[in-house]
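Enquirer: mind folding the following:
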Amino acid sequence: MKIEFPDRHAVKIGVINFPASVTNKEIVCQVSHEALQDINPEKRHDLIEQQFKDNKSAIQSIAKQKIENGESNIFVSSDDVRSKDA
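Expert: The predicted structure follows:
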């Protein structure tokens with residue numbers, strides 16, 4: 001399975017949507033604003049889009065793991081961020 005993340009995202013209410021290309025089929029992934037604040041608490045007052053850009057690699061890594069595990073709705077939450085740190 002080939003997983004790539006095109007360099008695009010969209011800020012929505014409560015989440016940021018970002019695409020993943022899975023074997024040439026595009027799916028929409030989401031990360032919650034809370035997860036972005038939890039991944040780097042010192043920067044929690046930065047603009048949410050900046051938090052996403054600064055932590056894109058870590059967020060994409062969590063999303064990739066969810067895709068590889070066969071999840072169909074890719075949503076990165078605070079719980080995912082905390083469990084990655086544990």
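Enquirer: from now on I want contacts and neighbour counts done on CA atoms only, so please keep to that.
Expert: Noted.
Enquirer: list the contacts of the residue nearest the centre of the chain.
Expert: Geometric centre of the chain, nearest residue: residue 59, 3.8 Å, by C-alpha atoms, centre = their mean. With contact taken as C-alpha atoms under 8 Å, 6 or more residues apart in numbering, residue 59 is in contact with 31, 52, 76.
Enquirer: and the helix or strand hosting it, what's buried?
Expert: Using DSSP states H and E, residue 59 sits in helix 56-68. By 16 or more other C-alpha atoms under 10 Å, the buried positions in helix 56-68 come out as 56, 59, 60, 62, 63, 64, 66, 67.
Enquirer: then stretch 11-18?
Expert: 15, 16, 17, 18.
Enquirer: and the residues you listed, which of them are in strands?
Expert: Members of the buried residues of stretch 11-18 lying in strands (criterion: DSSP state E): 15, 16, 17, 18.
Enquirer: identify, from those, the entry nearest to residue 5.
Expert: Nearest to residue 5, judged by C-alpha to C-alpha, of those is residue 18 at 7.9 Å.
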